[in-house]
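Chemist: Quick one: sequence plus predicted model below, questions after.
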Amino acid sequence: MTHTPMFAHAFKSPLLRFGIAAAAAGLLALSAQGANAQFKGPEYSTDVKNSSGRDLDVLQDEVKGYNDLFKNGKKFEEISAEAQVARMGAGINWGGYDGWWTGGKTTFNPDKDIPRMKAAGFTTLRVPLMAFHHIVDTKGDMDPKYLEKIDEVVAAAVKNNMDVILDEHDFDDCAKDTDACAVLLPNVWYDLSERYKSAPNNVIFELLNEPHGAIDDKVWNDWLSGLIGIVRQTNPKRNIIIGPVMWNSVDQLDKLKLPADDRHIIVTFHYYSPMEFTHQGASWVGGAIEQGRNVRWTGTPDQMAKLNADFDKAAAWGKANNRPIFLGEYGTYGKFNPNMDDRVAWTHAVSKAADDRGFARAYWYYSDGDGFGVYDPDKGQWVQPLLNALLPKGH
C-alpha cells in the first residue's frame, strides 16, 4: 500500500500548509503524546513555549528577518545545474547528529570549523538536517531556535564562499512511517524554501537523503512532483538535489523519474562499496558486516574494475539524461579498521573516480571521533592521510 493521497493533499497550497486539517490529523496520529513523539531521539529537546501556536504573520516576520541578512549582500543569481556541480567540486558532510543543534556536547563552532574546511580546500558543505525532530506543533512549524541554527551555518558557509546543501536527513523515520513522512516532509520544505528564497545560489536544497524501505521507486517518484512543486513556488530557479531509492543506490538511477522541463536538478548517488570493507564493525548495519574485522581494500584489478564500472554507470546515466552528478556521500568507518593505508587507498580511488567523470563529491564525515571523520577535534588537527586522499596537492 502506498500513501500518496495524504501526501498529495498536504501539497494543496502554501496557505493551507499552516492550518490544513489533514496535516494536523497526520501529525497528531504519530502519538497521543504529541506531534514529535514518533521521532524523538536520545538527544532531542525542544522548547515549545515560544513557538507553539505561531500563526502565519509570525512566521512571515521570521522569514523576513532572515531574508534581510542578504538584503545588502549576495543576491540570488541563476546558475545552471551543470555550472553549480563544476563549482561544488570537493565537499564534506557535517551536521545532523552533532550535539551543537540542541545545545548538547559538541566541539563544533561554525565560525571556526567552516573556515577551516574552506582553508583545507573544501568548496561545498553538505548539512544533514534532522528537521522532523524540530517540528513543534500540529501546524507543522519548525522551532525558530532550530531555524536560527541553520541560519548560522548557512551564513558562515556563504561568508566563506562555499556552496551549502541543506539535506533533509530523516530518511530512517520516513522508511519506518511513510504516512508521517508524507505530512512532515512537505511541511519542512514549505518552511525551508520560504525561509531561503532570497539566499544566494550557494544554497542548494536536497529533498530527502537515501529514501528506502517502504519508500520504493513508485512512491518516491509520486512524491517528487509534489516536493519539487513546493520548492518551485518560491525558488523557481534554485538548484535542488534528488537521488534514487535504495539509499541513493547507483543501481536505482534508471528508476528515477524527473520532470523533463526542470533543468535545475542535480542528481546524487552515495557510494560505500564494498560495505564489508567500508562499514566493518558498524553496529547499525548488523550481521556479518558488524562482526567483520580486517577486511582489506588495496586497489586490486578486480576491486578497481568494480569501482570504475559503478562510476561509469552513473556517468552514462547522467549523459543519457542530461543531468549533472553529485556523489553526496562516501567514506570508511575507522573504529574497527586499523588499516589506514587501505582507507586512504579507497578514499583516493573513489575521489579520483568522481573527479575524472566530472562529478562533484562530498566526503562523509568532517569530525566524529574514531568513525569516519577526517578532522580530529581532540588533537586539533586533520587526519592528514585521509585529507591528502581527499584533496591531493594541486587539487
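Modeler: Everything's here; your move. Numbering: from 1, shown residues only.

Chemist: what's the weakest-modelled helix or strand in this structure?
Modeler: When the helices and strands of the chain are compared on mean pLDDT, DSSP states H and E, helix 21-28 comes out lowest with a mean of 37.

Chemist: Run through the stretch 251-395 of the chain and note the low-pLDDT ranges.
Modeler: Filtered on pLDDT under 70, the stretch 251-395 of the chain yields the residue ranges 394-395.

Chemist: What segments of it are strands?
Modeler: 265-271, 325-330, 360-363, 375-376, 381-382 (DSSP state E, counting those that start in this stretch).

Chemist: For D167, find the nearest of those.
Modeler: When the strands of the stretch 251-395 of the chain are compared for distance to D167 using C-beta to C-beta, the nearest one is strand 325-330, at 7.6 Å. All C-beta atoms are positioned from the backbone trio N, CA, C, and that covers glycine.

Chemist: May I have that closest one as PDB, with CA atoms only?
Modeler: Taking C-alpha atoms only, strand 325-330 is exported to PDB below (Å, rounded to 0.1, in the frame of the first residue of the first chain):
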ATOM      1  CA  ILE A 325      26.000  14.100 -11.000                       C
ATOM      2  CA  PHE A 326      26.900  14.700  -7.300                       C
ATOM      3  CA  LEU A 327      28.500  11.900  -5.200                       C
ATOM      4  CA  GLY A 328      26.800  13.000  -2.000                       C
ATOM      5  CA  GLU A 329      28.400  10.600   0.500                       C
ATOM      6  CA  TYR A 330      31.300   8.200   0.600                       C
END
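
Chemist: Just want the angle from that strand to strand 265-271.
Modeler: Going by axes from the mean of the first three to the mean of the last three C-alpha atoms, to 10 degrees, strand 325-330 is angled at 40 degrees with respect to strand 265-271.

Chemist: Just checking: what are the partner strands of strand 325-330?
Modeler: The strands that strand 325-330 pairs with in its sheet are strand 265-271 (parallel), strand 360-363 (parallel) (by DSSP bridges).

Chemist: Let me have these in CSV, adding distance to D370 and mean neighbour count as columns.
Modeler: Compiled in CSV, the strands paired with strand 325-330 are given as follows (distance: least, C-beta to C-beta, whole Å; neighbours: other C-beta atoms under 10 Å):
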stretch, distance to D370, mean neighbour count
strand 265-271, 22, 24
strand 360-363, 16, 27
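
Chemist: Which of those sits closest to G243?
Modeler: strand 265-271 (4.0 Å).

Chemist: before we move on, the earlier item: kindly reformat the strands of the stretch 251-395 of the chain as a markdown table containing distance to D251.
Modeler: Below are the strands of the stretch 251-395 of the chain laid out as a markdown table (distance: least, C-beta to C-beta, whole Å):
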| stretch | distance to D251 |
| --- | --- |
| strand 265-271 | 9 |
| strand 325-330 | 14 |
| strand 360-363 | 19 |
| strand 375-376 | 32 |
| strand 381-382 | 33 |
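
Chemist: Which residue ranges of the stretch 201-350 of the chain form helices?
Modeler: Listed in chain order, the helices of the stretch 201-350 of the chain (DSSP state H, counting those that start in this stretch) span 217-234, 245-248, 275-278, 287-291, 301-321, 340-356.
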